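A.B. asks: Here is my input, please return the structure:
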Amino acid sequence: MNHNRMQGHWGSGGGTSTFTEIREQAALTFEDYPVAVTLGMFGVGMAVGACLGMVLAETAFAPPTQAETIAQKTLDALAQVLPASVMQKIRS
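C.D. replies: Residues are numbered from 1 along each chain as shown. I've put the predicted structure just below:
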């Protein structure tokens, strides 16, 4: 009986549903399938969190580019040859 009610509501209306009708249908679906809806929303939240975590981790811990690596090696080599006062001016 619940399955037919859900099918009939989603299948009717021809796309003229209002926000209120959609909200009511969501409430009915949650009443009919509380565990499935809860687990589904939990899964969606975990997926969104994992995606955001990956994006934030990539930007926060991006490996140095080849140009940055070469620049650092050059500065390290210069630091061995030049006096500290000159290196201080170069780095600033």
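
A.B. asks: give the contact list for Gly43.
C.D. replies: If a contact means CB atoms under 8 Å, 6 or more residues apart in numbering, then Gly43 has no contacts. Using the backbone N, CA and C atoms, a C-beta is placed for each residue, glycine as well.

A.B. asks: separation between it and Val37?
C.D. replies: As judged by CB to CB, to the nearest Å, Gly43 and Val37 stand 11 Å apart.

A.B. asks: Repeat that for Met54.
C.D. replies: From Met54 across to Val37, the span is 26 Å (CB to CB).

A.B. asks: When the two are compared, which one has more neighbours?
C.D. replies: Val37 (14 against 10; other CB atoms under 10 Å).

A.B. asks: So for stretch 43-56, mean pLDDT?
C.D. replies: Computed over stretch 43-56, the mean pLDDT rounds to 90.

A.B. asks: Check stretch 83-92 too.
C.D. replies: Mean predicted confidence for stretch 83-92 is 82.

A.B. asks: From the chain's centroid, how far away is it?
C.D. replies: 42 Å (CA atoms, centre = their mean, to the nearest Å).

A.B. asks: what's near enough to touch the residue located most distally from the centre of the chain?
C.D. replies: Centroid-distance maximum for the chain: Pro83 at 47.3 Å, with CA atoms, centre = their mean. By CB under 8 Å, 6+ apart, the contact list for Pro83 is empty.

A.B. asks: Now do the buried residues in the longest helix along the chain.
C.D. replies: For the chain, the helix that runs over the most residues, judged by DSSP state H, is helix 34-60. Judged by neighbour count using 16 or more other CB atoms under 10 Å, helix 34-60 contains no buried positions.
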